[in-house]
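**Q** Predicted structure and sequence below. I'll ask about it afterward.
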Amino acid sequence: MGSFHSEDVDEFVTLSDDEYRPPPLPFEDDDNTTVDGTIDTDSGYVDESVRNNDAFLLDFDNWTFLNHGAFGASLKVSYGRAQRWRRYLERQPLRYFDRDLLPHMAYGCRRMRDFVNAGRDTTTLIPNVTYGLNAVLGGYAREYQGNCNNSAPKIVLWDTSYGSLKKMARMYVGQENVVEIPVSNYFHMWKDEPAADVFELAFRDTMTEIRTAGKQQQHDGDAKILLVLDHTTSNTALNMPFQLLAHLAKGDEYGESDNTLVLVDGAHGLLAQRVDLSNGGSDGDGDVVDFYVGNGHKWLSCPRGVGMMYCSSQQLRDTVLRRPPCASHGVDLGYQNRYLWDGCRDYAAALSVATAIDFWERRGSERTRAELKTKLEDAVELLGDAWRPPSLLQNIDYRATLAPLQFHSPMMALVRLPDKLQRRQGKEAASTSTDAKRLQDYLYDRRIEVPIKCVRGELFVRISCHVYNQLKEYRRLADAVNEIC
Ligand SMILES: Cc1ncc(COP(=O)(O)O)c(C=O)c1O
C-alpha cells in the first residue's frame, strides 16, 4: 500500500494462527503489572477496587468519578504502551511509519477479532464508533439509493438512539427516509408488566406500519431497510435484545430477509458485556448482525482513538464498506488496507489494544463482567434506599430505576432522583433538561462527576460502574443529593 515498506495488512490479518508470527515489539516491554484479587465474602463480589485504583490514571483523590460511560478512562498500561509508541515514532519517524506501524496494527486487529470471537477477515480497527457508523450509513445510502424497487432505502432507528446517529441518518438518506421507533412511549408498560420487552413490542408495531404503508404505495412493501440497534443505549442505559430484534427483522414476518440489514451500535459493548460475533452474533442459525461497531476507549479502557468494525459478509464489505469515510492509499485494495490507514495521524491508541486485552484477559473478562453487574446492583439498591419517598418506605415493589434492572445494561443504570427534586404540573412529571443541568453542575461543584438525565419529565442519575468504583462513592452521591433536597 502506498510507499510503505511493509507487507500487505490484509494478508497479515487473514493468515491462520499457525502461519502467523506476531511482530516483535521494537522497544522493551515494560508492562509488568500483575493483577490478582481477593474475594470479599460479605458482598460476594471480587472487591479489588482499592488495588484497581492503581490501574487507572483517574484522580481518585479529588474526584468521585461515576461517569465512565461518557468517554471512558484509560488504563495506565494501555496509556503507557501508547506513550512508548509515540516516543519511538519521534526517534525515527520513517522507521515507524514505513516498517513498524502496519504489522503492529494488523496484530491489534487480530487480537480484537479474537476478543469478540469473530471470523478471520471480518474485523478491522477504526478511530471510533462515529467513524464506523459513517462507514455503514454512508455506504448503505450510496449502494441502495435509486436502486430499490421504486422506494428509497430507509434507516430505522429509535427515539433512544445516540443523538449524532440520528443526524447522520438524516444527512445520508434524508429526513423522510428515517423512521424513529418511539420506544419511550412504551416505557409506562413496565409499571404494570415489569417483564414486558418494550423494544420488541415497539419494533413489531413500527415494522408493521412500515410494511403496510409500503404495500399501500404499491412498491410491495419491500423497501430496503437498515435497522440500527444499540447494544446499550446512551442516555437511558438500556440493553436492547439485539439478537432477538435482528432475528425478527430478518424473519419472514417483515419481508424478505435480504431486504433488511442490521447494524449494532456497540459503543458500550467491549469488555463490559460479552460480545460474541461468531456466527454473525446469532445463536447458531445464520448471520443476523451484518455490522457491529465498538469503542476501545470506553469499557475496554484504551486511550481515545481506537474502535472496531465487524462485517460478516464479504459481499457487504465489497459494496457497503467499499469506500471508507476517509479514503487514502488503500482505497482500491482489501478491507484492512482501506480501513487501517486513513492518513498520517496518531495511531498510538490502536497500538495499545493488545495491551488492554492482555490486562483484562489476565484479570478475567468474565469475572470482571460479573463483578460490575453485582456492584451495579448494590449501588442501585443503596441509592434506591437513600432516595425512596418516605410514603413508600415499606413498599417492596418500589422500583428505583427507569426500567426493571434486567433491562438496564450490566454496568450503567438510570436511578430515579428523590421526589423533592422532581418538578410536577398537576400529576404530570414536568422536570426539564435545564433542571438536570443545574443538578449536574451542583454535583460537579462537589467534585462528583455523574450525568443527570431528564426522561419524559422525570430526573434520573445515570451511574456507571467500572472496576475502580467503590460503594462508598455511591454513598457520597446519595448524601450530596439528600443534602440539596
Ligand atoms: C450509544 C453510543 N453510540 C455512539 C457513540 C459515539 O461514540 P464516539 O464518540 O466514541 O464515536 C456513543 C458515545 O458515547 C454512544 O454512547
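**A** Nice, I can see it. Residues are numbered from 1 along each chain as shown.

**Q** Could you tell me how many residues sit around the residue of the stretch 351-485 of the chain found nearest the ligand?
**A** Here the stretch 351-485 of the chain gets closest to the ligand at one residue, M412, 9.8 Å apart by C-beta to the nearest ligand atom. Just so you know, the C-beta spots here come from the backbone N, C-alpha and C atoms, and that holds for glycine as well. For M412, the tally of surrounding residues (other C-beta atoms under 10 Å) stands at 28.

**Q** wait, what's in contact with it?
**A** Taking C-beta atoms under 8 Å, 6 or more residues apart in numbering as the contact definition, M412 lies against 69, 232, 237, 268, 376, 462-465.

**Q** May I see those residues organised as CSV, with distance to K427, pLDDT and secondary structure added?
**A** Putting the contacts of M412 into CSV (distance: C-beta to C-beta, whole Å; pLDDT from 0 to 100; DSSP: H, G, I helix; E, B strand; the rest coil) gives the following:
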residue, distance to K427, pLDDT, secondary structure
G69, 32, 98, helix
T232, 31, 98, strand
A237, 26, 98, coil
H268, 34, 98, coil
L376, 31, 97, helix
R462, 25, 98, strand
I463, 28, 98, strand
S464, 32, 98, strand
C465, 33, 98, coil
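
**Q** Mark which of those residues are buried, thanks.
**A** Burial by neighbour count, 16 or more other C-beta atoms under 10 Å: within the contacts of M412 this picks out 69, 232, 237, 268, 376, 462-465.

**Q** for this structure, what spans make up the strands?
**A** 64-65, 123-126, 154-158, 178-181, 225-230, 260-266, 291-295, 307-311, 412-416, 424-425, 428-429, 448-449, 452-455, 458-464 (DSSP state E).

**Q** just checking, what packs against the fourth one?
**A** Here strand 178-181 touches strand 154-158, helix 163-173, helix 198-216, going by 3 or more C-beta pairs under 8 Å, 6 or more residues apart in numbering; DSSP states H and E.

**Q** what about 10 Å?
**A** In terms of contact count using 3 or more C-beta pairs under 10 Å, 6 or more residues apart in numbering; DSSP states H and E, strand 178-181 is assigned the packing partners strand 154-158, helix 163-173, helix 198-216, strand 225-230.

**Q** which stretch among the ones you listed comes nearest the ligand?
**A** Comparison of the helices and strands packed on strand 178-181 against the ligand by C-beta to the nearest ligand atom identifies strand 225-230 as nearest, at 5.4 Å.

**Q** Out of the helices and strands packed on strand 178-181, which one sits most buried?
**A** strand 225-230 (a mean of 26; mean count of other C-beta atoms under 10 Å).

**Q** contacting residues for the spatially most central residue of the chain?
**A** Central residue check for the chain by C-alpha atoms, centre = their mean: the C-alpha nearest the mean position is that of A267, 1.7 Å away. For A267, the contact set (C-beta atoms under 10 Å, 6 or more residues apart in numbering) comprises 69, 72, 128-130, 132-133, 162, 165, 230-234, 293-295, 297-299, 307.

**Q** okay, and for the stretch 301-450 of the chain, where does confidence drop off?
**A** Flagging of the stretch 301-450 of the chain using pLDDT under 70 yields an empty set of residue ranges.

**Q** any chance you could map the helices in it?
**A** Counting by DSSP state H, counting those that start in this stretch, one finds helices in the stretch 301-450 of the chain at the ranges 314-318, 335-340, 353-363, 365-387, 433-445.

**Q** Just the CA trace of the first one, in CSV.
**A** What that stands for is helix 314-318. Output in CSV follows, covering the C-alpha atoms of helix 314-318 (Å, rounded to 0.1, in the frame of the first residue of the first chain):
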residue,chain,number,x,y,z
GLN,A,314,-17.6,-10.4,2.0
GLN,A,315,-20.3,-9.1,-0.3
LEU,A,316,-21.2,-6.3,2.1
ARG,A,317,-17.5,-5.5,2.7
ASP,A,318,-17.1,-5.2,-1.1
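
**Q** So which elements touch it?
**A** Where contact means 3+ C-beta pairs under 10 Å, 6+ apart, helix 314-318 is packed against helix 129-144, strand 307-311, helix 335-340.

**Q** then the shortest one to PDB, C-alphas only?
**A** What follows is the C-alpha trace of strand 307-311 in PDB, where atoms were taken according to Å, rounded to 0.1, in the frame of the first residue of the first chain:
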ATOM      1  CA  GLY A 307     -12.600   1.300  17.900                       C
ATOM      2  CA  MET A 308     -13.500  -1.700  15.900                       C
ATOM      3  CA  MET A 309     -15.800  -2.600  13.000                       C
ATOM      4  CA  TYR A 310     -17.100  -6.000  12.200                       C
ATOM      5  CA  CYS A 311     -18.900  -7.100   9.000                       C
END
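
**Q** Quick one: distance of it to the chain centre.
**A** Here strand 307-311 shows a centroid-to-chain-centroid distance of 11 Å under the convention C-alpha atoms, centre = their mean, to the nearest Å.

**Q** For that strand, which helices and strands make contact with it?
**A** Using 3+ C-beta pairs under 10 Å, 6+ apart, strand 307-311 sits against helix 101-115, strand 123-126, helix 129-144, strand 260-266, strand 291-295, helix 314-318, helix 335-340.

**Q** got the angle for it vs helix 129-144?
**A** Taking axes from the mean of the first three to the mean of the last three C-alpha atoms, to 10 degrees, one finds strand 307-311 and helix 129-144 inclined to each other by 30 degrees.

**Q** Would strand 307-311 count as contacting the ligand?
**A** No: judged by C-beta under 6 Å from any ligand atom, strand 307-311 makes no contact with the ligand; its nearest approach is 6.7 Å.

**Q** circling back to that earlier point, and M1, which of the strands of the chain is closest to it?
**A** M1 lies closest to strand 123-126 among the strands of the chain, at 13.7 Å (C-beta to C-beta).

**Q** So which bits of that closest one are buried?
**A** Residues of strand 123-126 classed as buried by neighbour count (16+ other C-beta under 10 Å): 123-126.

**Q** for these, which one is nearest the ligand?
**A** Out of the buried residues of strand 123-126, the member with the shortest distance to the ligand (by C-beta to the nearest ligand atom) is I126, at 9.2 Å.

**Q** isn't that closest one right next to C311, touching?
**A** No: taking contact to mean C-beta atoms under 10 Å, the distance of 11.4 Å between I126 and C311 leaves them out of contact.

**Q** if I look at the two, which residues touch both of them?
**A** 132, 135, 293.

**Q** residues in the stretch 1-150 of the chain within reach of the ligand, list them.
**A** Taking C-beta under 6 Å from any ligand atom as the measure of proximity, the stretch 1-150 of the chain contacts the ligand at 128-130.

**Q** Of the residues you listed, select the buried ones using a ChimeraX command.
**A** Buried subset of these, written as a ChimeraX selection, criterion 16+ other C-beta under 10 Å:
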select :128,129,130
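
**Q** Between the residues of the stretch 1-150 of the chain next to the ligand, which sits nearest A370?
**A** Looking at these and their distance to A370, the nearest is V129, at 25.3 Å (C-beta to C-beta).
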